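Asks: Below are the sequence and a predicted model; questions follow.
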Amino acid sequence: MLRVAEGCPKLCVLISVLFISGKSKEAEIKRINKELANIRSKFKGDKALDGYSKKKYVCKLLFIFLLGHDIDFGHMEAVNLLSSNRYTEKQIGYLFISVLVNSNSELIRLINNAIKNDLASRNPTFMGLALHCIANVGSREMAEAFAGEIPKILVAGDTMDSVKQSAALCLLRLYRTSPDLVPMGDWTSRVVHLLNDQHLGVVTAATSLITTLAQKNPEEFKTSVSLAVSRLSRIVTSASTDLQDYTYYFVPAPWLSVKLLRLLQCYPPPEDPAVRGRLTECLETILNKAQEPPKSKKVQHSNAKNAVLFEAISLIIHHDSEPNLLVRACNQLGQFLQHRETNLRYLALESMCTLASSEFSHEAVKTHIETVINALKTERDVSVRQRAVDLLYAMCDRSNAQQIVAEMLNYLETADYSIREEIVLKVAILAEKYAVDYTWYVDTILNLIRIAGDYVSEEVWYRVIQIVINRDDVQGYAAKTVFEALQAPACHENLVKVGGYILGEFGNLIAGDPRSSPLIQFNLLHSKFHLCSVPTRALLLSTYIKFVNLFPEIKTTIQDVLRSDSQLKNADVELQQRAVEYLRLSTIASTDILATVLEEMPPFPERESSILAKLKKKKGPGTVTDLEEIKKERSSDMNGSAEPATVVSTPSPSADLLGLGAAPATNSAPPPSSSGNLLVDVFSDSPSAVAPLAPGSDDNFARFVCKNNGVLFENQLLQIGLKSEFRQNLGRMFIFYGNKTSTQFLNFTPTVICSDDLQSSLNLQTKPVDPTVDGGAQVQQVVNIECVSDFMEAPILNIQFRYGGTFQNLSVKLPITLNKFFQPTEMSSQDFFQRWKQLSNPKQEVQNIFKAKHPMDAEITKAKIIGFGSALLEEVDPNPANFVGAGIIHTKTTQIGCLLRLEPNLQAQMYRLTLRTSKEAVSQRLCELLSEQF
């Protein structure tokens, strides 16, 4: 603003006066009101203002607005300045519009006309001002007006470098605000070649644009990879003197280097060996330069150098294909763990978390365990300590689990309150996942409750109970351990819950010891009763009735407690009802009936821990826990299996935790007898058996061959709806699961299953859904699809959930078929039959003559052929009653042309369908799919 004021002396005077009177707000407002009144009178006066005067007054209005005062006039005068041929006047006009004009203003049309004139003027200065204004406003109206014009300016051969820079950044701004209005066309292939431009400013701006576009349209910008590698190689190998204008504190073009490295992270490793080798050389050079002594002691030098280094390491981690580079990156990050700069330590820990998930660098990361533990103990910054916890969690495996869990428990006692819950979840997950024996696991969780009981969620203590119930060899130890823990004068309520449940089930296993006789167990639990909340008291009452069955000798003592006024006349209706019912049950029921009603809980069904789901929900997407899903579990995992992509939540036990009045849990397969395969029955990742296809699944599947939206399946409990979109070899499917009942679905787990052959041809990425679906509610699941090569089968969608205590398991075919990747192709009659003759090989043609299943309506037939994906070619076949279509099947590896001809015979009510493609299997599959539609 001061630079603008230099050309406007009267504005300098205004600023000086306001500065002098700035000690009094009232004086400032008085001076500004006087100035506004003067400007308003000048604008409304009979005498026409020259360009300089307009500029001066508009500039004053802009300054007053920036001081925080409302401006409600002067907009038209600013628009008039845009038509001036003087740079300073046009500059003030554009500046005023960029700051004060609303995107809904009535003046937008006039502004757009002025911008169009400046863009067409080919004056680089005026074009730059216009492009800056478009980018600053960035409204949808601006995008509609100029999104088609700016790409032409960007790729034009006679456009100056400064204008190209502005055009690239302006187009980037419009694409971010209105991506649907920026057309993809011929310019996309030409803009990639700007990476070879001699002007590094143009290259920098173009790289930012290409990176954003490539994230949405990777295939269209795939050629940018080799150009980016070539440009990066030239920068990395150049000396600081070679790029003097773009060298920042002895680092050549650091911003451009970072942008190129980010662009390369949009793609997998290059397939071309030469390009891949050149990229590897670049990354090695960057790592080598990091080891060199600094060329300057200034912080700007180290910041620029480290920015390039960390982005290179991010690319190495993204590719995850060069073991040597991964290990070197890990060693380099290890040096930063003890750096005096807090930011570097933070970034090093964060990057190593990702490196720990790579099979190539996991062992290298583990060598730094002592340094990370020391950081956990000594680091002052809480955010760095949190990253240290994340890294310990990521590097943990069976060989170091006990050490890491012990260190995290020690740190938990003094940890910041903001991260305690997260640490509790991670300790619980690691103890469960890498337990060498059950006693260590039980000790760890009880210690966890003792140290941070307020942060132990229900999922954690539920999980302990599940594991103890599912393993006979740990039940006695667990009962003894919780009994001893409960003897402490002050116990956390979660410990009372665990103790009440386990002693109620397995207290008889330690009753032979006089120190833990039945009466002592009861008195110990009852001494905690009055200190607990209502849900915990309800659980203890259920434990007492369990004791009646386990220990008949203390039945009278328990009945006296249940008969007391504090129970039978309790203000809480739940406690009162339990006391009344349990007392009545213990009085009238025979021993056999009690033994049946209060029998030991059966083993819980196999499932993955819900603690991991809770941690993912807390941490959000893109964290270490998400990376574990897409990496195979290392051999150190006790079960040796891959983590499932879908997290199944454990059903939360109700207040009736001991199972009275509830349907018994579904028994899983009996636990393995081998003690070497610990916790397999509880931690096993294998899902329940996949159900056979639901009745009517094939019919529903056939209906979706020629359409993308509708209801795929429906019964009295569940409705499954689909909405799909496909483009070339990519697709996205939205699956909607609707609960038609008034009861919650628990453990709701939809899984997309592909055969081995299908997995190699079709890439499917499914996003998890909420494991609980409320009555009458609907949840959505997104499936991203990539067709790698042609395929014959369809994936299976398996849905498992619990409804009213009953396990539900159903499967349907997911309508992802080869024709979904059709792109229609228009052809003339001559071209069609010429291509038809070229595909005359017997193996390329498949023909089917079949009886019509539906009424032979011409309009319906046309709609089905178009819905099938091919273009319907009119007036191509000599017989107007025939239907002709053409299209291309797009896969990642190839494109397959397809021609079809459908000949109806109305008299015989039959069809003859002929398909010709370059692959016999594709012709056969498409013929099968389309024949079922008529």
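Replies: Yep, it's here. Residues are numbered from 1 along each chain as shown.
Asks: could I get stretch 848-864 in CSV with only the CA atoms?
Replies: Taking C-alpha atoms only, stretch 848-864 is exported to CSV below (Å, rounded to 0.1, in the frame of the first residue of the first chain):
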residue,chain,number,x,y,z
ASN,A,848,-25.9,-66.1,-30.0
ILE,A,849,-29.4,-66.9,-31.3
PHE,A,850,-31.9,-66.8,-28.5
LYS,A,851,-35.6,-66.5,-27.6
ALA,A,852,-36.9,-63.2,-26.5
LYS,A,853,-37.6,-63.1,-22.7
HIS,A,854,-39.3,-59.7,-22.8
PRO,A,855,-41.6,-57.8,-25.2
MET,A,856,-39.6,-56.8,-28.3
ASP,A,857,-40.0,-53.0,-28.0
ALA,A,858,-37.6,-51.0,-30.2
GLU,A,859,-37.2,-48.1,-27.9
ILE,A,860,-36.5,-50.3,-24.9
THR,A,861,-33.9,-52.2,-26.9
LYS,A,862,-32.2,-48.9,-27.9
ALA,A,863,-32.1,-47.8,-24.2
LYS,A,864,-30.6,-51.1,-23.2
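Asks: Report the buried residues of it.
Replies: 861, 864 (16 or more other C-beta atoms under 10 Å). (Glycine included, C-beta is placed from N, CA and C.)
Asks: what does stretch 201-213 give?
Replies: By 16+ other C-beta under 10 Å, the buried positions in stretch 201-213 come out as 201-213.
Asks: Okay, and which of these map to helices?
Replies: 201-213 (DSSP state H).
Asks: Could you identify the most distant pair in these?
Replies: Greatest spatial distance among those (C-beta to C-beta): Gly201 and Leu213, at 19.0 Å.
Asks: that older thread, go through the buried residues of stretch 201-213 and name the one nearest Ser755.
Replies: For the buried residues of stretch 201-213, the nearest to Ser755 is Leu213 (35.7 Å; C-beta to C-beta).
Asks: Am I right that that closest one is in contact with Phe221?
Replies: Yes - using C-beta atoms under 8 Å, Leu213 makes contact with Phe221 at a distance of 5.9 Å.
Asks: from the ones in helices among the buried residues of stretch 201-213, which is closest to Leu376?
Replies: Nearest member of these to Leu376, counting by C-beta to C-beta, is Thr211, at 35.9 Å.
Asks: measure that closest one to Phe221 for me?
Replies: 9 Å (C-beta to C-beta, to the nearest Å).
Asks: next one: Leu531
Replies: 65 Å.
Asks: neighbour-wise, which of these two wins?
Replies: Neighbour count, other C-beta atoms under 10 Å: between Leu531 and Phe221, Phe221 has more, with 25 against 12.
Asks: Could you find the closest non-adjacent residue to that one?
Replies: Distances taken as C-beta to C-beta, 6 or more residues apart in numbering place Ala214 nearest to Phe221, at 4.1 Å, with adjacent residues excluded.
Asks: Quick check: the gap between that neighbour and Val258.
Replies: 16 Å.
Asks: Then Ser226?
Replies: Distance, Ser226 to Val258, by C-beta to C-beta: 19 Å.
Asks: Kindly provide the whole-number mean pLDDT of stretch 255-263.
Replies: Stretch 255-263 carries an average pLDDT of 94.
Asks: Can you give the contact residues for it?
Replies: By C-beta atoms under 8 Å, 6 or more residues apart in numbering, the surrounding residues in contact with stretch 255-263 are 200, 203-204, 207-208, 210-211, 214, 224, 228, 231-232, 235-236, 246, 248, 307-308, 311-312, 314-315.
Asks: For that stretch, C-alpha coordinates in PDB please.
Replies: Extracted in PDB, the C-alpha atoms of stretch 255-263 (Å, rounded to 0.1, in the frame of the first residue of the first chain):
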ATOM      1  CA  TRP A 255      10.900 -24.600  -4.200                       C
ATOM      2  CA  LEU A 256      10.800 -26.100  -7.700                       C
ATOM      3  CA  SER A 257      12.600 -29.300  -6.400                       C
ATOM      4  CA  VAL A 258      10.000 -29.700  -3.700                       C
ATOM      5  CA  LYS A 259       7.100 -29.300  -6.200                       C
ATOM      6  CA  LEU A 260       8.600 -31.800  -8.600                       C
ATOM      7  CA  LEU A 261       9.100 -34.300  -5.900                       C
ATOM      8  CA  ARG A 262       5.400 -33.800  -4.900                       C
ATOM      9  CA  LEU A 263       4.300 -34.300  -8.500                       C
END
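Asks: Who are the contact partners of Glu845?
Replies: Glu845 makes contacts with 839, 914-916, 923, as judged by C-beta under 8 Å, 6+ apart.
Asks: Return the set of residues that bridge with it.
Replies: Going by DSSP bridges, Glu845 is paired in beta bridges with Arg916.
Asks: who's in contact with Ile108?
Replies: With contacts defined as C-beta under 8 Å, 6+ apart, Ile108 is in contact with 101, 139, 141-142.
Asks: no wait, Met395
Replies: Neighbours of Met395 in contact, by C-beta under 8 Å, 6+ apart: 352, 356, 362, 365-366, 369, 372, 404.
Asks: still on that earlier bit, between Leu213 and Phe221, what contacts are shared?
Replies: Contacts common to Leu213 and Phe221, judged by C-beta under 8 Å, 6+ apart, are Thr188.
Asks: ok, back up a step: which among the contacts of Met395 count as buried?
Replies: Buried, going by 16+ other C-beta under 10 Å: 352, 356, 362, 365-366, 369, 372, 404, out of the contacts of Met395.
Asks: Can you add distance to Phe713, secondary structure and pLDDT and give those back as a markdown table?
Replies: Shown next, in a markdown table, are these (distance: C-beta to C-beta, whole Å; DSSP: H, G, I helix; E, B strand; the rest coil; pLDDT from 0 to 100):
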| residue | distance to Phe713 | secondary structure | pLDDT |
| --- | --- | --- | --- |
| Met352 | 45 | helix | 91 |
| Ala356 | 41 | coil | 88 |
| His362 | 42 | helix | 87 |
| Val365 | 45 | helix | 91 |
| Lys366 | 47 | helix | 91 |
| Ile369 | 50 | helix | 92 |
| Val372 | 49 | helix | 92 |
| Ile404 | 45 | helix | 92 |
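Asks: could you measure Tyr501 against Glu932, distance?
Replies: 55 Å.
Asks: Compare the two (neighbour count), which wins?
Replies: Tyr501 (26 against 16).
Asks: Isn't the more buried one up against Leu539?
Replies: Yes - between Tyr501 and Leu539 a contact is recorded at 6.7 Å, counting by C-beta under 8 Å.
Asks: which residue ranges form the strands in the stretch 701-850 of the chain?
Replies: For the stretch 701-850 of the chain, the strands defined by DSSP state E, counting those that start in this stretch occupy 709-714, 718-727, 730-739, 745-753, 762-766, 778-787, 796-803, 806-813, 822-824, 845-851.
Asks: mind giving me a markdown table with these and columns for distance to Asn470 and mean pLDDT?
Replies: Listed next are the strands of the stretch 701-850 of the chain as a markdown table, based on distance: least, C-beta to C-beta, whole Å; pLDDT from 0 to 100:
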| stretch | distance to Asn470 | mean pLDDT |
| --- | --- | --- |
| strand 709-714 | 33 | 85 |
| strand 718-727 | 29 | 87 |
| strand 730-739 | 29 | 89 |
| strand 745-753 | 16 | 89 |
| strand 762-766 | 28 | 88 |
| strand 778-787 | 29 | 89 |
| strand 796-803 | 18 | 89 |
| strand 806-813 | 17 | 86 |
| strand 822-824 | 50 | 86 |
| strand 845-851 | 54 | 88 |
